[in-house]
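Visitor: got a predicted structure plus its sequence, pasted below:
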Amino acid sequence: MDFDTVADDLYAGEPASFVASRTAAARAAKSEGDAALARRIQALRKPTTAAFFVNRLARDGSPALAELSDLGDRLRAAHASLAGDQLRELAQRRAELVRSVLRDAPDLSDSVSREVEETLETVVADPAVARLVLAGRLTSVAHQDADQWLSLPASSSASAKKKPAAALVPAPSPSRAKKPAPAKENPRRKQADEKAAREKSEKDRATQERERAAREEWQRKASAATRERAEASRTLVRTERIAEQADARLSELRARLADAEDRAARAAADLTAARAAFDKADEAVQQFTHKSTSASRR
């Protein structure tokens, strides 16, 4: 028995049987005299539903999962060389691969789908997570702090068209330029133009203020959502650990109960046999006593 074989077998199985299989494997290792291996096996964590799904993708040799891992290296290279067009193409391909995986898994709940999507995004962003996922030993949803290059919208155009620079018209030389006749200033028109300019300026400022307030509100909500997700993830990990410990304790108690029941059954059988032997011996004694009494009377 070796650790890698046991771990592969455990993470290839169904999550419902993980704890029982892990406990059995740890006991087998301990019975073979390898206490260190037993402790390593017992420390393996039960995978969540999302982690089990991603592990199954890896063990089935999912082409999309392998391409997502390779896509991470290509995105990092494009980011290092500041290749904007390539970054947009790769980000679009990343989104297509994630959508294809989720499209082929219609039975997942919304929450599990979101965890799978986040894990697949992290496969692209984090090489260490990619190696863990490809090994099929993921235990819970993988998170990543999105880098700027990873956050490029998939719908962005492949390349931005530059507007042609405006042609410069040379100003006429002072000697050849004709002096325009001075226009008569209209006071009412001037006042109307100034009023319109003020109103436009105020309207622009109000629009900018609304946009700034909207951006700040969005950033506040995004930060709050990020904090809530991080806290929810920590709570999930703690709850999973508590559940695993409870499952392990329950399995241990069940094993002890089964052992106690076996001992009780054996004791009951021994008691029945002892009673039968006593009754037989008692009957023999009574018969011997009766015969002895009869013989003495004669």
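Guide: It's in. Residues are numbered from 1 along each chain as shown.
Visitor: for the protein, just list every one of the strands.
Guide: Secondary structure of the chain (DSSP state E): no strands located.
Visitor: what about the longest helix in it?
Guide: For the chain, the longest helix by residue count, based on DSSP state H, is helix 187-297.
Visitor: from the chain's centroid, how far away is that one?
Guide: The chain centroid and the centroid of helix 187-297 are separated by 18 Å, computed with Cα atoms, centre = their mean, to the nearest Å.
Visitor: for the record, mean pLDDT for that helix?
Guide: For helix 187-297, mean pLDDT rounds to 79.
Visitor: now do stretch 4-16
Guide: On average, stretch 4-16 scores 87.
Visitor: in that stretch, what counts as buried?
Guide: Neighbour-count burial for stretch 4-16 flags 6, 7, 10, 11 (criterion: 16 or more other Cβ atoms under 10 Å). For the C-beta atoms, the positions are set from N, CA and C on the backbone; glycine is no exception.
Visitor: could you do stretch 250-261 as well?
Guide: Buried residues in stretch 250-261 (16+ other Cβ under 10 Å): residue 251.
Visitor: distance of residue 82 relative to residue 95?
Guide: 21 Å (Cβ to Cβ, to the nearest Å).
Visitor: comparing the two, which residue is more hemmed in?
Guide: Neighbours were counted for residue 82 and for residue 95 using other Cβ atoms under 10 Å; residue 95 has more, 15 against 9.
Visitor: list the contacts for the closest residue to residue 66 other than its chain neighbours?
Guide: Distances taken as Cβ to Cβ, 6 or more residues apart in numbering place residue 134 nearest to residue 66, at 7.2 Å, with adjacent residues excluded. Contacts for residue 134 (Cβ atoms under 8 Å, 6 or more residues apart in numbering) come out as 58, 65, 66, 69.
Visitor: reformat those as TSV; add pLDDT, neighbour count and distance to residue 242.
Guide: TSV is the format used below for these (pLDDT from 0 to 100; neighbours: other Cβ atoms under 10 Å; distance: Cβ to Cβ, whole Å):
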residue	pLDDT	neighbour count	distance to residue 242
58	87	20	27
65	85	20	30
66	87	16	35
69	83	19	32
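Visitor: from those, which single one is nearest residue 108?
Guide: For the contacts of residue 134, the minimum distance to residue 108 (Cβ to Cβ) is 15.4 Å, reached by residue 65.
Visitor: please consider this matter closed, and thank you.
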